[in-house]
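Asks: only geometry, no sequence info:
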DNA sequence: TCCTGTTTTTGATCTGTGTCAAGGCGAACT
DNA sequence: AGTTCGCCTTGACACAGATCAAAAACAGGA
């Protein structure tokens, strides 16, 4: 349930798979192999990084920015199934084609690894395989928490849940942590939020206004959010305790 | 996206982790170790196998019957986050406590392994770790498909999707496959269905009646379902192509 | 600065699903 | 056979959120 950060995150800038990923215990020759198969790629806001069904020659780790994983039905209904923040991993070893469409929500930098050699690296390096399993289990937990949000929460609770998730991830990255008030840039359009939450963008807008009116959040411009009291937000989200939702 | 069955499933009755699990390439001393730490356990319909938050000393594989994974909010709202059919795996290595409540939907037999030694086995046996990763990735895909169902589909489409998933899993087990008509026992109450689909049991009942009236399904008693034409069901489910939803 | 297109807000109305309530059906037990 | 209990179905009505429509806020370029 708790996000498992590589313990020596801060000391790990040389490792090309950043943060939560496999770097923590990389040894020099593993690092060298990773160096060989990696390259950084940038995408601008709104750009589609990969379409569902595309051939997938890379796996990647988000370095900066926000990307989304979405599914679409033929009639255009869309559902976001994953929100990729810095340190998240994209792509599935052993699979030729992408299952989901990946879109850059903001400007994004990804650290890409050629898939074939990456798979070999996994096969020959047990601790990387373990790290990958751990990350996948975290993602599975996140997806399951999200099923509760989608299936059983009201519009207001959904919005509060989304804000809480992002606030938590941001706080985690900034290490600012428990200073009470948290402020962050929401790098999603209202439409992207509605795709995540299974709502329409009008409903998202209305509920944002309502949360603002009730003082749960403060809006500075359209996208910059201040949460004066995190516990009140969590209450609105209907979360038991403050355990919180993993992303 | 496609379920990955162990290739020599049929020849593997001695392996205590059945079907999809790790058995395919188990060698004799690995099998011996598994023998030592396993024991079979039976549960009767309706019984709670494990509560969220309980200490978890076992991981397990479903041998027969159907079990469910659910989350509950303090006010009682409930969401099923996983449906466990024979060959599915439960439990998370490296975690002390259960995240979800596990309930037997029908009479269930599980093959349980003591967690600590199982973790050691994973650590020392790369191909088991790989199999586990593959299974976890399949589950993640299933969870994400389910997010689309929960977030964007209508009640009728939700029901059709659930029936399609179960029909597909049953067909897979029976190996009866593409004979057009599929019939199976739905081992879930209307309430369990509603928990899976994020609906009320009344709505589930109404939509089942509607699908029956329209000839998409035939009901023999309350729980035995006949699907005369699988493609029509998939159409109702709103699935693109017939790719279908993994569970 | 104005113009243009995108994103967001707000309003009015409609509808699918939830809620509340009653009754039916079958299985197990007396 | 009758009673009880759990599960399922059906109906009437209410409401959260969708849909349709318009205007306001904002960003970027000429």
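Replies: Ah, there it is. Everything numeric here is computed off the predicted structure, so don't read it as measured data.
Asks: check the burial of residue A:202 by counting its neighbours.
Replies: Residue A:202: 10 surrounding residues under other Cβ atoms under 10 Å in any protein chain shown. Every C-beta, even on glycine, is put in place using the N, C-alpha and C of the backbone.
Asks: against residue A:155, how distant is it?
Replies: Separation of residue A:202 from residue A:155 (Cβ to Cβ, to the nearest Å): 10 Å.
Asks: do residue A:35 as well
Replies: Counting by Cβ to Cβ - residue A:35 and residue A:155 are separated by 47 Å.
Asks: neighbour count winner among the two?
Replies: Using other Cβ under 10 Å as the criterion, residue A:35 and residue A:155 rank with residue A:155 on top: 17 against 12.
Asks: which ones are touching the more buried one?
Replies: A:197, A:199, A:203, A:204, A:206, A:207 (Cβ atoms under 8 Å, 6 or more residues apart in numbering or on different chains).
Asks: closest one to DNA strand C out of those, please.
Replies: residue A:206 (5.1 Å; Cβ to the nearest atom of the strand).
Asks: tell me the contacts of that closest one?
Replies: residue A:155.
Asks: what's the following helix or strand after the least confident helix or strand in chain A by mean pLDDT?
Replies: Within chain A, no helix or strand scores below helix A:28-37, which has a mean of 71 by mean pLDDT, DSSP states H and E. Counting by DSSP states H and E, the next helix or strand C-terminal to helix A:28-37 is strand A:38-43.
Asks: go through the helix or strand following that following strand and flag the buried ones.
Replies: Next along the chain after strand A:38-43, taking DSSP H and E as the criterion, comes strand A:48-50. For strand A:48-50, the buried set under the neighbour-count rule, 16 or more other Cβ atoms under 10 Å in any protein chain shown, comprises A:49, A:50.
Asks: what is the most centrally placed residue in chain A paired to in the beta sheet?
Replies: Nearest to the mean C-alpha position of chain A, counting by Cα atoms, centre = their mean, stands residue A:84 at 2.7 Å. Beta-bridge partners recorded for residue A:84 (DSSP bridges): residue A:67.
Asks: and what of residue A:225?
Replies: Assessed by DSSP bridges, residue A:225 has beta-bridge partners residue A:184, residue A:219.
Asks: residues contacting residue A:54?
Replies: Residue A:54 touches A:97, A:98, counting by Cβ under 8 Å, 6+ apart.
Asks: please point out which parts of stretch A:71-80 sit buried.
Replies: Going by 16+ other Cβ under 10 Å, stretch A:71-80 has these buried residues: A:71, A:72, A:77, A:78, A:79, A:80.
Asks: so the last one, which state does it fall into?
Replies: In other words, residue A:80. The assignment at residue A:80 comes out as strand when based on DSSP: H, G, I helix; E, B strand; the rest coil.
Asks: show me the contacts for the residue lying closest to residue A:158 once chain neighbours are set aside.
Replies: Computed as Cβ to Cβ, 6 or more residues apart in numbering or on different chains, the closest residue to residue A:158 that is not its neighbour in sequence is residue A:197, at 4.4 Å. When contacts are counted by Cβ under 8 Å, 6+ apart, residue A:197 touches A:149, A:150, A:155, A:158, A:159, A:162, A:204, B:151.
Asks: do the same with residue A:123
Replies: Neighbours of residue A:123 in contact, by Cβ under 8 Å, 6+ apart: A:129, B:126, B:130.
Asks: so it sits in a helix?
Replies: Yes. Note on residue A:123: a helix contains this position according to three-state DSSP.
Asks: quick one: which of the contacts of residue A:123 sit in helices?
Replies: Counted as lying in helices by DSSP state H, out of these, are A:129, B:126, B:130.
Asks: so what's residue A:208 up against?
Replies: With Cβ under 8 Å, 6+ apart, residue A:208 has these contacts: A:159, A:190, A:217, A:219.
Asks: quick one: end-to-end distance for stretch A:92-110.
Replies: Start-to-end span of stretch A:92-110 (Cα to Cα, to the nearest Å) is 15 Å.
Asks: just the buried positions in that stretch, please.
Replies: In stretch A:92-110, counting by 16+ other Cβ under 10 Å, buried: A:92-93, A:98-106, A:108, A:110.
Asks: tell me the domain ranges of chain A?
Replies: A:9-139, A:153-237 (automatic domain parsing).
Asks: and the last one, what's its mean pLDDT?
Replies: It refers to domain A:153-237. Average pLDDT, domain A:153-237: 90.
Asks: same thing with stretch A:56-63?
Replies: Averaging pLDDT along stretch A:56-63 yields 89.
Asks: need the contact partners of that stretch.
Replies: Against stretch A:56-63 from outside (Cβ under 8 Å, 6+ apart): A:16-19, A:21, A:40-41, A:50, A:84-93, A:95-98, A:108-116, A:118.
Asks: residues of it that come out buried?
Replies: Here stretch A:56-63 shows A:56, A:58, A:59, A:60, A:61, A:62, A:63 as buried, counting by 16+ other Cβ under 10 Å.
Asks: need the contact partners of the strand or helix carrying residue A:102.
Replies: Using DSSP H and E, residue A:102 sits in strand A:101-104. Residues from elsewhere that reach strand A:101-104 (Cβ under 8 Å, 6+ apart): A:43-52, A:65-72, A:84, A:90.
Asks: those residues, buried ones only, as a ChimeraX selection?
Replies: To isolate the buried ones among those in ChimeraX, judged by 16+ other Cβ under 10 Å, type:
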select /A:43,49,50,65,66,67,68,69,70,71,72,84,90
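Asks: out of the contacts of strand A:101-104, which are close to DNA strand C?
Replies: residue A:46 (Cβ under 7 Å from any atom of the strand).
Asks: now the helices for chain A?
Replies: Using DSSP H, helices in chain A cover A:28-37, A:115-124, A:126-152, A:155-174, A:190-197, A:201-213, A:230-237.
Asks: dump those helices to TSV, plus distance to residue B:166.
Replies: Below are the helices of chain A laid out as TSV (distance: least, Cβ to Cβ, whole Å):
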stretch	distance to residue B:166
helix A:28-37	41
helix A:115-124	33
helix A:126-152	17
helix A:155-174	28
helix A:190-197	27
helix A:201-213	32
helix A:230-237	32
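Asks: so which bits of chain A are right by DNA strand C?
Replies: Within chain A, the positions adjacent to DNA strand C are A:46, A:189-191, A:201-202, A:204-206, A:208-209, A:219, A:222-223 by Cβ under 7 Å from any atom of the strand.
Asks: so residue A:188 sits against residue A:105, correct?
Replies: Yes. If you go by Cβ atoms under 8 Å, residue A:188 and residue A:105 touch, sitting 5.6 Å apart.
Asks: ok, residue A:103 to DNA strand D distance?
Replies: Distance of residue A:103 to DNA strand D, given as Cβ to the nearest atom of the strand, to the nearest Å: 19 Å.
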